[in-house]
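S.K.: How does the following fold in three dimensions:
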Amino acid sequence: MEFRRERDLLIGSPHLINVAKVLHPFYVTVQQIQGEFIVTSDVSDVYESGDASEQAVLNYLYSLVDELLWFQGHKESLSYSMFKDFKRLQFYLGWV
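M.R.: Sure, this is the predicted structure:
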C-alpha cells in the first residue's frame, strides 16, 4: 500500500518544538509484517512501525523530522554520503 505525502503538509512532533513542512510530495510504502505496519520511502533510509497503518505513517513522519534536526545539528561533521542524504531530505522537508 502506498500513500502520497502532500506538499505543504505540516509535521509537528509532540516532543519537538520544531515544525517541518513538506516542500515536495513523496510516497511512503506501508507493509504489514507479522501483525504490525512498517513504513518506508525513498526520502530516507529511516523506517518506522506501528500497530495501525495511520500510526506507522505518523511515526515515520516524526522520524523524518527528528532526522532532519539531527542532520542540521551535525552538518559540519557529516561524511559525504550522509551530507547527500541530508540534502535529499532537505529537498522534501523544510522548517516552518
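
S.K.: State the pLDDT value of the residue nearest the centre of the chain.
M.R.: The centre of the chain sits closest to residue 64, judged by Cα atoms, centre = their mean, with a distance of 2.5 Å. If you check residue 64, the pLDDT there is 94.

S.K.: That one in helix, strand or coil?
M.R.: helix (DSSP: H, G, I helix; E, B strand; the rest coil).

S.K.: is it true that it touches residue 42?
M.R.: No - with contact defined as Cβ atoms under 8 Å, residue 64 does not count as touching residue 42 (11.9 Å). Where C-beta positions appear, they are placed from N, C-alpha and C, glycine not excepted.

S.K.: what's the least confident helix or strand in the protein, going by average pLDDT?
M.R.: When the helices and strands of the chain are scored by mean pLDDT, DSSP states H and E, strand 2-5 comes last with a mean of 56.

S.K.: Can you show me the helices along the protein?
M.R.: Taking DSSP state H as the criterion, the chain contains helices spanning 53-74, 80-92.

S.K.: Okay, the residue in the chain sticking out farthest from the centre and residue 57: tell me how far apart.
M.R.: Within the chain, residue 34 marks the point farthest from the mean C-alpha position, 22.8 Å out by Cα atoms, centre = their mean. For residue 34, the distance to residue 57 equals 18 Å [Cβ to Cβ, to the nearest Å].

S.K.: ok, now which ones touch the closest residue in space to residue 82 that isn't next to it in sequence?
M.R.: Excluding its sequence neighbours, the residue lying closest to residue 82 (Cβ to Cβ, 6 or more residues apart in numbering) is residue 71, at 7.5 Å. Residue 71 is in contact with 78, 82, 85-86, 89, counting by Cβ atoms under 8 Å, 6 or more residues apart in numbering.

S.K.: Could I get the pLDDT score of residue 71?
M.R.: 96.

S.K.: can you start the count at 11 instead of 1 from here on
M.R.: From this message on, residue numbering opens at 11, which makes the last subject residue 81.
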